[in-house]
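Engineer: below is the sequence, then the predicted model.
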Amino acid sequence: MTEKTIKFGKNLVTTEEFLAEGHSFCTGCGEVLALRLALKALGRDVIIANATGCIEVCTSPLPVTSWRVPWIHTLFENVAATISGVEAGSAILMKKGRIPGRDIKFVAIAGDGGTSDIGLQALSGAFERNHNFLYLCFDNEAYMNTGIQRSSATPYGASTTTAPPGKHSIGQVTWKKDLVKIAVAHNIPYAATACPSYPFDLMNKVKKGAEIKGPAYVHIFSPCPTGWRHASDLAIELGRLAVETGIFPLYEVENGRYKLNVDRPELKPVEEYLKPQGRFRHLLDEDIARIQQRVNEDYARLKANAASSAA
């Protein structure tokens, strides 16, 4: 069967859907949109290992599944190890002629909790061993599947069920862990950020990461109306605001060289991103000012890295 595509400007997008209808994601979920786009970029010749989390739970309610490609459910802590074994085993079987030689993309999927917290050890090991795989972190900034508990990817000041604001706490008291920087520190050939509000940028990065030889990492911003307490029709707008304010800049690092994919002449105030979300409703003006200062500093460092790489 010939695959059908639609052309959007310079971009060709398949009309084939690798995620079936009938999943149980929340209304307005940004994560499922990002997943659908990523699967379109990956195509049919793929094997996916999926750690426990929203994506796993919402796509595989026994006895049915929404997956139209080979898919393995694994634990919170070992998705990178699982896909490493699949990749290594497939290579050996092809070498011995036990299965036909072909270009298969090996992909690990996890949320921010399964990546930045529980699965970081396995991910670091897979990077260090130089396995040929793509890791996709769908970051909704908390353990949303199990009750909106904070993770190390939860942003400073956010309210969660395990980091609630009160007389003696602002909510989350630590700053968001920079997983892309950690991935880059392993000297892998490709790492990037992506957001479903910029669909072609996301698909192009997923495709590039899957085709590069060696480990690749794409960190995908995934607005969550349930956990972030925002209106169900705001996921795309909030994704754009995260980029436009510098809260979540879009960039890629290829062989150590930084490139900003969206670089506005002037960032919007972070307040525009924070205000529509109930998880930030308790923040005072001085709290927002502190977040603004941190964003400005981080963005300036990122721009300097991009300018140095371009020189």
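Structural biologist: That came through, no problem.
Engineer: helices of the protein, start to end?
Structural biologist: With helices called from DSSP state H, the chain shows them at 30-42, 54-59, 79-95, 112, 120-128, 179-184, 199-211, 225-228, 235-244, 271-274, 285-310.
Engineer: tell me which of the ones you listed sits most buried.
Structural biologist: Highest mean neighbour count of those: helix 112, a mean of 26 (counted as mean count of other Cβ atoms under 10 Å). No exception for glycine: its C-beta is placed from N, CA and C like everyone else's.
Engineer: for it, give the mean pLDDT please.
Structural biologist: Computed over helix 112, the mean pLDDT rounds to 98.
Engineer: helices or strands next to that helix in the packing?
Structural biologist: The contact analysis (3 or more Cβ pairs under 8 Å, 6 or more residues apart in numbering; DSSP states H and E) places helix 112 against strand 134-139.
Engineer: pLDDT averaged over the strand it packs on, what's the number?
Structural biologist: Mean predicted confidence for strand 134-139 is 98.
Engineer: quick one: that strand to helix 120-128, angle?
Structural biologist: Calculated by axes from the mean of the first three to the mean of the last three Cα atoms, to 10 degrees, strand 134-139 forms an angle of 150 degrees with helix 120-128.
Engineer: indicate each strand paired with strand 134-139 and its parallel or antiparallel sense.
Structural biologist: strand 105-111 (parallel), strand 216-221 (parallel) (DSSP bridges).
Engineer: any idea which residue is closest to the centre of the chain?
Structural biologist: I220 (2.3 Å; Cα atoms, centre = their mean).
Engineer: surely that one and L136 touch.
Structural biologist: Yes - at 6.2 Å, I220 counts as touching L136 under the criterion of Cβ atoms under 8 Å.
Engineer: so what sits against both of the two?
Structural biologist: Common contact partners of I220 and L136 (Cβ atoms under 8 Å, 6 or more residues apart in numbering): A38.
Engineer: as a markdown table, the strands paired with strand 134-139 with distance to N78 would be great.
Structural biologist: Formatted as a markdown table, these follow (distance: least, Cβ to Cβ, whole Å):
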| stretch | distance to N78 |
| --- | --- |
| strand 105-111 | 10 |
| strand 216-221 | 17 |
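Engineer: just say which of those strands is most tucked in.
Structural biologist: Using mean count of other Cβ under 10 Å, strand 105-111 ranks as the most buried of the strands paired with strand 134-139, with a mean of 28.
Engineer: got the contact list for the closest residue to G22 other than its chain neighbours?
Structural biologist: Spatially, and ignoring its direct neighbours in sequence, G22 is nearest to S66 (6.3 Å; Cβ to Cβ, 6 or more residues apart in numbering). Listed by Cβ under 8 Å, 6+ apart, the contact set of S66 reads 19-23, 58-60.
Engineer: ok, now how distant is S66 from P100?
Structural biologist: 28 Å (Cβ to Cβ, to the nearest Å).
Engineer: what's the closest non-adjacent residue to L267?
Structural biologist: G246 (4.5 Å).
Engineer: where does the prediction get shaky in the stretch 1-150 of the chain?
Structural biologist: Applying pLDDT under 70 to the stretch 1-150 of the chain flags residues 1-3.
Engineer: how about a cut-off of 90?
Structural biologist: 1-13, 21-22, 62 (pLDDT under 90).
Engineer: what do you get for the stretch 151-300 of the chain?
Structural biologist: 167-168, 264-265.
Engineer: and the closest residue to I212 other than its chain neighbours, how many residues sit next to it?
Structural biologist: Nearest non-adjacent residue to I212, counting by Cβ to Cβ, 6+ apart: Y190, 4.7 Å away. The local packing of Y190 (other Cβ atoms under 10 Å) involves 23 other residues.
Engineer: W175 now?
Structural biologist: 14.
Engineer: go ahead and confirm it touches I291.
Structural biologist: No - checked against Cβ under 8 Å, the pair W175 and I291 is beyond contact range at 9.3 Å.
Engineer: what sits against the residue nearest to the centre of the chain?
Structural biologist: 34, 38, 136-139, 193-196, 202 are the contacts of I220 under Cβ under 8 Å, 6+ apart.
Engineer: returning to that earlier point: what's the overlap in contacts for W175 and I291?
Structural biologist: What both W175 and I291 touch, as defined by Cβ under 8 Å, 6+ apart, is the set 155-156.
Engineer: nice, that's everything, thank you.
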